[in-house]
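Novice: just coords:
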Ligand code: SF4
């Protein structure tokens, strides 16, 4: 398939790996965080870590939208699904994420709540149009990639004059999460986590562009290379970051120029700006309360906001104690550091969110990497 | 759920939609987020929406970089 196969070519991967081996300085280490779950997935699936020299290490970041949603928000979605007359719909991965008391939307569905999986936000709007006597709540999650589709859906519901379509908004922002990691005590004071550079998101960057990363490349003196999700993209980004580190540069470079520009997608950005505003803070699994990192619906579209229509519980609920997702999302621990990994916790029976989505570090490691480390 | 792949636009449909082909699988996607999409373009599709067009010239440049590594043989 065009734009896919060429970016998975094994020979080129070998040559890139050889170049990285030649260029990495044996006298130092390179700790590179891939922010996105999409990169984590590619790294595990293609065994890219095996191609890298021992002193170039990948650290998995928190960029999996399913993984970072805290238990309290899952519980709130479950609460919404149980309200009379509600149809709750969301993307497939969300159904299996464990909330508190080992409940999940899937289990609540089995108990009789009306919960549907949708592929696109427009399916959710259609559900509302087809069920005028029900309240359809779209459980919206995700980074800058899924936010514009939510905005389109609200616009469409407004155009159709629907008064039974609501959004439970959990959209979050990538740059604030990266800043939070760089500000964390592990990185800043304790030095227990070394972070030399970042691979920047692929699809998030198609929307926001490369400009938003310039601030922390400069401020925190860490190079950033935006990369596509194919294996050669990731290797090329590693090579570019090794070069920046060797030369003492900290710039934002763009490996994914075939899809990402400096300014991103103006149409999508305008839609998001029209409909959403920043929350003062939003809780992330693993990162805690992150200032100005989440979005809510603006007053002008209040009629579509589930959090205004219902008194949605806003409790902060602790993670399952044995689950290490939080530390994994901060780059402090690896999936294999978790006692439950692969024993009690598997993709079929996930104990934490990192084991649910294919981009979660635990799921990716279980699916592609479990025999390698053993 | 962030995994999204470049898909070929095969037909423009009513209501700001297009038919795309991804390795023989066709589906309808929304064009609400991108302007100026034409048949023959590749778009990156995510949760049912085209997010952006793939720039063929930039893709060639990236691929050429790796091809060059091969030709010079400098790194093997
Ligand atoms: S293996 Fe399961 S329980 Fe352990 S950190 Fe990963 S998701 Fe949490």
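Specialist: Structure received. Just so it is clear, the model here is predicted, and its values are computed rather than measured.

Novice: alpha carbons only for contacts and neighbour counts from here, please
Specialist: Fine.

Novice: How much space separates residue A:214 from residue A:221?
Specialist: Relative to residue A:221, residue A:214 is positioned 10 Å away (CA to CA, to the nearest Å).

Novice: One more: residue A:262?
Specialist: Remark: distance between residue A:262 and residue A:221 (CA to CA) = 19 Å.

Novice: more neighbours, those two?
Specialist: Set residue A:262 next to residue A:221 and count neighbours by other CA atoms under 10 Å in any protein chain shown: residue A:262 wins out with 18 against 15.

Novice: That one against residue A:207, yeah?
Specialist: No - the pair residue A:262 / residue A:207 is not scored as a contact, 9.9 Å apart, by CA atoms under 8 Å.

Novice: where are the low-confidence patches of chain B?
Specialist: For chain B, the stretches with pLDDT under 70 are B:1-4, B:70-76.

Novice: Now do the helices in it.
Specialist: B:56-72 (DSSP state H).

Novice: I would like the residues contacting whichever helix in chain A runs longest, please.
Specialist: In chain A, with assignment by DSSP H, the single longest helix is helix A:231-247. Applying CA atoms under 8 Å, 6 or more residues apart in numbering or on different chains, the contact partners of helix A:231-247 are A:7-9, A:12-13, A:16-17, A:19-20, A:23-25, A:30, A:32, A:39, A:42-43, A:46, A:48, A:196-199, A:223-228, A:250-251, A:255-256.

Novice: Whichever of those end up buried, select them in ChimeraX.
Specialist: Remark: buried members of those, expressed as a ChimeraX selection using 16 or more other CA atoms under 10 Å in any protein chain shown:
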select /A:7,12,13,16,17,19,20,24,25,30,32,39,42,43,46,48,196,197,198,199,223,224,225,226,227,228,250,251,255,256
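
Novice: Would you work out how far apart the start and end of stretch A:280-288 are?
Specialist: Span of stretch A:280-288 from end to end, CA to CA: 13 Å.

Novice: Spatially, what comes nearest to residue A:98 if we skip its sequence neighbours?
Specialist: Nearest residue to residue A:98, sequence neighbours excluded (CA to CA, 6 or more residues apart in numbering or on different chains): residue A:104, at 4.8 Å.

Novice: Double-check that neighbour against residue A:79; I have them as touching.
Specialist: No - contact between residue A:104 and residue A:79 fails when scored by CA under 8 Å: they sit 10.9 Å apart.

Novice: Just the contacts of helix A:231-247: which are in helices?
Specialist: A:12, A:13, A:16, A:17, A:19, A:20, A:23, A:39, A:42, A:43, A:48.

Novice: and the gap between the fifth one and chain B?
Specialist: Read it as residue A:19. Distance of residue A:19 to chain B, computed by CA to the nearest CA, to the nearest Å: 6 Å.
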